[in-house]
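J.: With the sequence up front, the predicted model follows.
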Number of protein chains: 2
Amino acid sequence: MKFYRSYPAGKQVAWRGDELSIVASVVRGVASLSTQMEDGRKQMVGLLLPSDFYGRPGRQRALFDRTAATDLLLCCFHRKPFEAMMIATPHVGQRLLSMTLDELDSARDWMVLLGRKQARERIASLLSLLARRAAPHPDGLIDLPLTREAIADYLGLTFETVSRHFSHLRRDGIIALQTSRQFRVLDAAALEEATGGAFAEEMASQ
Amino acid sequence: MKFYRSYPAGKQVAWRGDELSIVASVVRGVASLSTQMEDGRKQMVGLLLPSDFYGRPGRQRALFDRTAATDLLLCCFHRKPFEAMMIATPHVGQRLLSMTLDELDSARDWMVLLGRKQARERIASLLSLLARRAAPHPDGLIDLPLTREAIADYLGLTFETVSRHFSHLRRDGIIALQTSRQFRVLDAAALEEATGGAFAEEMASQ
DNA sequence: CGGCAGTTTGACCAACATCAAGTTGGGTGG
DNA sequence: CCACCCAACTTGATGTTGGTCAAACTGCCG
C-alpha cells in the first residue's frame, strides 16, 4: 500500500488541475507548492520539508503546482485506500487534522510576512526558519535548498532584491555565505532582530 | 452544550495568547483574525463570514487576535466537550478536516494576493470575493463590512491607497459607491479582469 | 575552452507609503 | 433644531522601497 517515488531537483511533480491520485509525505529533500498567474507572476505558497505531509484527502484535483526544489524522495499512498484507512482508524484523521491546523497557522504567519514585512525582514525570517528546521552540518553550515529565484517566489520579491539583501546581511556580519547555496549564522541575535518579529506559530507549544 | 454570544462592532473577542476555552461558528456578522507586530504594523489573516468556523480543537492558546468587524453573533461550544464529541463521532472530525483544508487553500490564495498582486488587483479581488460570498440587497447593493483601515490591514496596504483605488474603480465605471460602506458592481467582467486572475480555490469543486 | 544557468551589482523608475490638508456624515449636547 | 465634534474617508504633494533593465561575474558541465 505504501511505496516510494523519487524526483530529481527541478522536476515538476504535479501540475495545478492534475488528478490527485496519491497523497504523500516528504522523506528526503524539499518540495514546493506554487501558483503562476496568467502573466507569469509566480508565488510559492508552501515549502515542504522532510516529515511534512502533502495531499488532499477528499479532493479531486490539485489547486497548486508541486515541484521538487532539490532531489526529492516521497513516501506515497494511493488516495482512495488512504481515505478508507482514515475512516477506519479515526486517530489518523485526528492526527491529520492537527497537522493541517498547524499548516494553516504557518500559512497565516506567512501572510504577515508577505503583507507587512520589508525585504530584509522577509529574508531574515526565511534564514531564521531554515536555521531552525533544516539540520545544519556539524560546522554550522546550512544548505539553502532554493535558488535565488525560488526564494524570491516564496518571499514575494524579485531575485535581484533577494540577492542584494543577502549581500547586505553578509556585509552587516550577520551571516556568512560559503557558496551562494550555503550559509552560516554569525550573529543569531541580530538575525532574530532583523526578522522584525517572531512567528505566531512559535508560541503554539507554550 | 451549545450557546450563543453576541458582540458589538469593533469589540475584541479574544486576544493572542488567550486561553482558547471555546470553539464557535459565525451565525451573523463578520469577524476577523489578525496579528499586530511590536511596532504596530497589523495584518489581518482571515475574515470569518456567516457559516465559517473558528476554533482550534487541540490547541491551548489563540495565536491571533479575534475582533468583531460588525455586530456579531457566534454559536459557541466549550472546547473540551467539543473535542470529546469529535472523538466519539468521527464524521464531525472528517467534516472539520475538510473545512480546514478549504481554509488552507483560501489562505494560500491570499498569499498570492499579498505576495504578487498590485493594489488595484487586491481591491478588485476583495470586492469580487464579497460580491460572491455576501448576500446582496435586492437592488444589487452590497455591504462593505469593513472600514478602509480594516480593508488595508486585510490587503497589506495603507488605508489611503485603499481609498484612492476605490475612487479609481468608481471613475472607471466598474463599481458605484452608494455610501462609503456600500457598493454595487456595474461591470462584473471588468471587475473580474481587474482582479488579475481567479483564485485557485474557485476551481476546487470542478 | 566555450556555454549557460545562476548570481551579483549598478542605474534608473514606478508603485505605494508617508505626511498633510480638507471633506463627509452620524451622533451628542446645548 | 442646530452647532459642534469626531471618526471615517478623500485627495494631494512628496519620499522610499523594491522593481526593472542592463551588464558583468562565477562555477559547473560538456
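T.: On my side now, so go ahead. Numbers count the residues shown, from 1 in each chain, chains lettered A, B, ... in the order given.

J.: all contacts plus neighbour counts: C-alpha atoms, from now on.
T.: OK.

J.: how close does the nearest residue to A:M37 once chain neighbours are set aside sit to B:S51?
T.: Leaving aside its sequence neighbours, A:M37 sits nearest to B:G197 (Cα to Cα, 6 or more residues apart in numbering or on different chains; 6.6 Å). According to Cα to Cα, to the nearest Å, B:G197 and B:S51 sit 26 Å apart.

J.: The lowest-mean-pLDDT helix or strand in chain A: partners in the sheet, and parallel or antiparallel?
T.: The helix or strand of chain A with the lowest confidence, counting by mean pLDDT, DSSP states H and E, is strand A:53-54 at a mean of 89. For strand A:53-54, the paired strands and their directions (DSSP bridges) read strand A:22-28 (antiparallel).

J.: average pLDDT for the strand it pairs with?
T.: Across strand A:22-28, pLDDT averages out at 94.

J.: Next secondary structure after it?
T.: Using DSSP states H and E, the next helix or strand after strand A:22-28 towards the C-terminus is strand A:31-36.

J.: So which residues make contact with that following strand?
T.: Outside of strand A:31-36, the residues within contact range by Cα atoms under 8 Å, 6 or more residues apart in numbering or on different chains are A:16, A:42-49, A:64-70, A:72, B:112.

J.: did I read that right, the residue nearest to A:M37 in a strand?
T.: No. Assignment of B:G197 by DSSP: H, G, I helix; E, B strand; the rest coil gives coil, placing it outside any strand.

J.: quick one: pLDDT of it?
T.: Turning to B:G197, the model gives it a pLDDT of 89.

J.: can you tell if stretch A:106-123 touches DNA strand C?
T.: No. Using Cα under 7 Å from any atom of the strand, stretch A:106-123 stays clear of DNA strand C, with a minimum separation of 8.0 Å.

J.: Could you list the buried residues of that stretch?
T.: Neighbour counts over stretch A:106-123 (16 or more other Cα atoms under 10 Å in any protein chain shown) mark A:106-117, A:119-123 as buried.

J.: quick check, it touching chain B?
T.: Yes. Using Cα under 8 Å from any Cα of the partner chain, stretch A:106-123 reaches chain B at A:A107, A:R108, A:W110, A:M111, A:V112, A:L114, A:G115, A:R116.

J.: And the average pLDDT for that stretch is what?
T.: Summarised as a single mean, pLDDT over stretch A:106-123 is 98.

J.: swap in stretch A:2-14?
T.: pLDDT averaged over stretch A:2-14 gives 94.

J.: CA atoms of that stretch as CSV?
T.: Presented in CSV, the C-alpha positions along stretch A:2-14 are these (Å, rounded to 0.1, in the frame of the first residue of the first chain):
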residue,chain,number,x,y,z
LYS,A,2,2.9,2.3,0.7
PHE,A,3,5.5,3.0,-1.9
TYR,A,4,8.3,5.4,-2.7
ARG,A,5,9.0,7.8,-5.6
SER,A,6,11.9,10.0,-6.2
TYR,A,7,12.3,13.1,-8.4
PRO,A,8,15.4,15.0,-9.5
ALA,A,9,15.8,18.6,-8.5
GLY,A,10,13.7,21.0,-10.6
LYS,A,11,11.3,18.3,-11.7
GLN,A,12,7.6,19.2,-11.6
VAL,A,13,5.8,16.6,-9.5
ALA,A,14,2.3,17.6,-10.3
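
J.: List the buried residues of that stretch.
T.: Judged by neighbour count (16+ other Cα under 10 Å), stretch A:2-14 contains these buried residues: A:S6, A:Y7, A:A9, A:K11, A:V13, A:A14.

J.: Can you tell me which of those residues end up in strands?
T.: Among these, the members found in strands (DSSP state E) are A:S6, A:Y7, A:V13, A:A14.
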